[in-house]
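A.B. asks: For reference, the sequence and a predicted model appear below.
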Amino acid sequence: MEVTNKKVLVFGSGLSGTGAVGLLTEHGADVVLYDGNENLDKAELAGRIGGSAVQIVLGTFPEELLQTLDLVVLSPGVPTDLPIVRQMFERGIEVIGEVELAYAFGKGDVLAVTGTNGKTTTTSLLGEIMKNYKEEVYVVGNIGNPYTVAAGKMSEHAVAVAEMSSFQLESIVSFRPAVSALLNITPDHLNRHHTMEAYIEAKKNIARNQTEEDWCILNYEDEVTREFGKNVRAQVLYFSSRRKLERGIYLDDGRIIYRNPEEICICHVDELQLPGTHNHENIMAAAAMAAVYGVPVDKIRESVKAFKGVEHRIEFVTEKNGVVYYNDSKGTNPDAAIKGIQAMNRKTVLIGGGYDKDSSYTEWIESFDGKVRKLILLGATKEKIAKDAESCGFHDYVFADTFEEAVLMSAEIAGPGEAVLLSPACASWDMFPNYETRGDKFKEIVNSL
């Protein structure tokens, strides 16, 4: 990609956006940074991008700017159907996502993970496996480390382990991972994609440019991903937590078996530090990705057994007065939150609710299975979840006005031998900038009890 002396607009001033500014200026582009939030501090933004001569535009988009642009780079949080973005397409301006920009300038190989749930755990573990095997490894993408920042540092020997969201994948053009994985598909982000079909298509983009030289790892127990495997040009390897596979990676009597074509035992689940079938699936996906890339099984085994999981995903916080507290702030949709409930082995006081992504909460409530003694609801979705709870015959819920009130209330309600679980089934954006901040606040309040 040639950007020298071209007028490039970076749309969005978050970490991905400022990373894109740095990459573009490094390659000689004339960059404009735009954000629709007019209340941002221009001086602070200029400081974040190194105080360079980059033009910063905030608030209403100036129409005259459209006539000067050669390229637009969208941050993941910018919907492609915004009226101003539609105008860019109609004018024939090239519009790409920050992933496409990073891929164009990055070197080495890319191993990319997507799916509704399990992305961060799988990406983090794969990153640990690769670091145990190669010297130059970058764990990037939706996991919080902008791909655009790492791209400028990569050599031909680098490996980028990338967590890819549907927002990032919907705007790719030539992005082609050597190994991809699509872990699962359940409803999420329908407020952005509008239909389940559009959401699924965005996820499938991860394998769109792969060829017969590449690999795609898919979940055999997910109907969408199983069918998708029939149409992928890359070599497909399935993982399964329910059955033996003639070729693939699967659970068999507590053992994780990799068969491609010879049969090798990776380890027994009792040797793992992550509980739950959903985690075993994440581990199988990461192990399979590493194995097809050529990582020796002993390196995979060593990394898998040492891996302790990721922060904010069914994370043990502390025990106080006989009550154990778990932070599952990363449970940002009903299906992810179901995994949190399934991991509990005692009566639980559950904190849920938050930003509305047009989800239905019926299956989540049905998964309580007698474990949830009380549901504390807060945020924009509390009334909607309460209505779904009533329709499911679950009436043991209360409302909280603030996050702190919800946590303190949970501590009052829970008794010795019980658990308090923050697993909201919703995004955090109505109260917090991200799920990490929400989880950190939960831990702060709990530890101060």
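C.D. replies: Now that the structure is in, tell me what you want to look at. No experiment lies behind these values; they were computed from the predicted model shown. Numbers count the residues shown, from 1 in each chain.
A.B. asks: ok, Val57 - contacts?
C.D. replies: Val32, Leu33, Tyr34, Asp35, Leu65 (C-beta atoms under 8 Å, 6 or more residues apart in numbering). Any C-beta I mention is one placed from the backbone N, CA and C, and that applies to glycine too.
A.B. asks: ok, the residues you listed vs Leu449, which is closest?
C.D. replies: In terms of C-beta to C-beta, no member of those lies closer to Leu449 than Asp35, at 38.6 Å.
A.B. asks: Name the nearest residue to that closest one, ignoring sequence neighbours.
C.D. replies: Spatial nearest neighbour of Asp35, excluding adjacent residues (C-beta to C-beta, 6 or more residues apart in numbering): Ser13 at 4.1 Å.
A.B. asks: Verify the stated contact: that neighbour with Lys42.
C.D. replies: No: between Ser13 and Lys42 there is no contact, the gap being 10.0 Å when judged by C-beta atoms under 8 Å.
A.B. asks: Name the helix or strand for Asp335, please.
C.D. replies: Here Asp335, judged by DSSP states H and E, is contained in helix 334-342.
A.B. asks: The very next helix or strand once past that helix pairs with which strands, and in what direction?
C.D. replies: Using DSSP H and E, the next helix or strand after helix 334-342 towards the C-terminus is strand 348-352. Applying DSSP bridges to the sheet, strand 348-352 is found paired with strand 372-377 (parallel), strand 419-422 (parallel).
A.B. asks: can you give me the mean pLDDT across the last one?
C.D. replies: So the one you mean is strand 419-422. Averaging pLDDT along strand 419-422 gives 97.
A.B. asks: sorry, back to before: return the helix holding Asp335 as PDB; C-alpha atoms alone will do.
C.D. replies: Extracted in PDB, the C-alpha atoms of helix 334-342 (Å, rounded to 0.1, in the frame of the first residue of the first chain):
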ATOM      1  CA  PRO A 334     -26.000 -13.800  27.100                       C
ATOM      2  CA  ASP A 335     -24.100 -16.800  25.600                       C
ATOM      3  CA  ALA A 336     -20.800 -15.800  27.300                       C
ATOM      4  CA  ALA A 337     -22.700 -15.200  30.600                       C
ATOM      5  CA  ILE A 338     -24.200 -18.700  30.400                       C
ATOM      6  CA  LYS A 339     -20.600 -20.000  30.500                       C
ATOM      7  CA  GLY A 340     -20.100 -18.000  33.700                       C
ATOM      8  CA  ILE A 341     -23.200 -19.600  35.300                       C
ATOM      9  CA  GLN A 342     -22.100 -23.100  34.200                       C
END
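A.B. asks: residue with max distance from the center of this protein?
C.D. replies: Glu64 (36.2 Å; C-alpha atoms, centre = their mean).
A.B. asks: isn't there a helix covering it?
C.D. replies: Yes: using DSSP: H, G, I helix; E, B strand; the rest coil, the secondary structure at Glu64 is a helix.
A.B. asks: I'd like to know how far it sits from Val32.
C.D. replies: Taking C-beta to C-beta, to the nearest Å as the measure, Glu64 falls 12 Å from Val32.
A.B. asks: which stretches of the stretch 101-250 of the chain form helices?
C.D. replies: Taking DSSP state H, counting those that start in this stretch, the helices of the stretch 101-250 of the chain run over residues 119-131, 147-151, 166-169, 190-193, 196-204, 223-228.
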